[in-house]
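Asker: Quick one: sequence plus predicted model below, questions after.
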Amino acid sequence: MTVAAFHTGLSIKLDELKELLDKDRVIYSHGYSPAELQDMLSKRELPKFLDRDGLRSQLEAILDIAASGLKERAKNEEHFFAPLYDRAEKLTNSAKDMLEGLEQGIPMTQFIEKYSRI
């Protein structure tokens, strides 16, 4: 539900999202296409050229826009966002967390239980 809520919220605030991305100097200002950036950002380690604090701020601004869109819907969907803010703060994602946990010996069942509660 987290991903669906995120996209639903953004779809209501596309003008605000476009304005934010048009002013972006953190992600899109390094000469890479969106496809190249997607490939780089899908790796376990973030590209070295990205400013971590700037990226964190940009991600939180995008989440704020999506949360605002959900609030406009008035269906109490904002609670789905808690994991996304946490991931933005830590600059991580659930797949990366799981891979690192498995490498540290955390059993898969623990991740299944964790993500089934979200």
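Answerer: Received, thanks. Numbers count the residues shown, from 1 in each chain.
Asker: Return the residues in contact with R87.
Answerer: For R87, the contacting residues are N93, S94, taking Cβ atoms under 8 Å, 6 or more residues apart in numbering as the criterion. No exception for glycine: its C-beta is placed from N, CA and C like everyone else's.
Asker: Go through the helix or strand it falls within and flag the buried ones.
Answerer: Applying DSSP states H and E as the criterion places R87 in helix 82-90. In terms of neighbour count (16 or more other Cβ atoms under 10 Å), helix 82-90 has its buried residues at L84, R87, A88.
Asker: Ok, stretch 4-20 next?
Answerer: The neighbour-count criterion (16+ other Cβ under 10 Å) identifies A5, F6, T8, G9, L10, I12, K13, E16, L17 as the buried residues of stretch 4-20.
Asker: So which of the residues you listed are in helices?
Answerer: Residues from the buried residues of stretch 4-20 lying in helices, with DSSP state H as the criterion: A5, F6, T8, G9, L10, I12, E16, L17.
Asker: min pLDDT across those, which one?
Answerer: Going through these one by one, the lowest pLDDT turns up at A5, 88.
Asker: Once you drop chain neighbours, what's closest to that residue?
Answerer: In this structure, A5 finds its nearest non-sequential neighbour in F80, 3.9 Å apart by Cβ to Cβ, 6 or more residues apart in numbering.
Asker: cool, G101 as well?
Answerer: Counting by Cβ to Cβ, 6+ apart, the residue nearest G101 is F111, at 6.5 Å.
Asker: Would you check how far apart the most far-flung residue of the chain relative to its centre and A95 are?
Answerer: The centre of the chain is farthest from one residue, G105, which by Cα atoms, centre = their mean lies 25.9 Å away. Using Cβ to Cβ, to the nearest Å, we find G105 at a distance of 18 Å from A95.
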